[in-house]
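A.B. asks: structure for the following, please:
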Amino acid sequence: MIVSEEDILVLKKYIPNIEELVARGDVQEVLDTIDDEIIKNMYMNKIEPYEPDDEGIKLQHIYDRINADN
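C.D. replies: Coordinates of the predicted model:
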């Protein structure tokens, strides 16, 4: 599975076991886990409810890269 070290470092903040998930090689599992974090981010956004904030957008970009690369 193709995931940059930079993206793994960002994802560790939200998904402590991200390296284990990536090592399993199940792209859909990784994408689903990231998507769960994006949704949590959207629900927690007090300024624009149900919209991602800067952190959510960063997670979405990582999701998109992993999806495109794999």
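
A.B. asks: how many neighbours does residue 18 have?
C.D. replies: By other Cβ atoms under 10 Å, 20 other residues sit near residue 18. Heads up, the C-betas are built off the backbone N, CA and C, glycines and all.

A.B. asks: kindly report the same for residue 5.
C.D. replies: 6.

A.B. asks: relative to residue 19, how far out is it?
C.D. replies: 10 Å (Cβ to Cβ, to the nearest Å).

A.B. asks: equivalent analysis for residue 58, please.
C.D. replies: For residue 58 relative to residue 19 (Cβ to Cβ), the value is 19 Å.

A.B. asks: out of the two, which sits in the busier spot?
C.D. replies: Legend: neighbour count by other Cβ under 10 Å for residue 58 and residue 19, higher for residue 58 (16 against 13).

A.B. asks: right, and that one touches residue 10 too?
C.D. replies: Yes: shown here, residue 58 and residue 10 form a contact pair, counting by Cβ atoms under 8 Å, at 6.6 Å.

A.B. asks: so which elements touch the helix ranked longest in the chain?
C.D. replies: Across the chain, the longest stretch assigned as helix under DSSP state H is helix 27-44. In terms of contacts (3 or more Cβ pairs under 8 Å, 6 or more residues apart in numbering; DSSP states H and E), helix 27-44 is packed against helix 18-24, helix 54-69.

A.B. asks: for that helix, buried residues please.
C.D. replies: 27, 30-31, 33-34, 37-38, 41-42 (16 or more other Cβ atoms under 10 Å).

A.B. asks: so who does residue 52 touch?
C.D. replies: 38, 41-42, 45, 59-60 (Cβ atoms under 8 Å, 6 or more residues apart in numbering).
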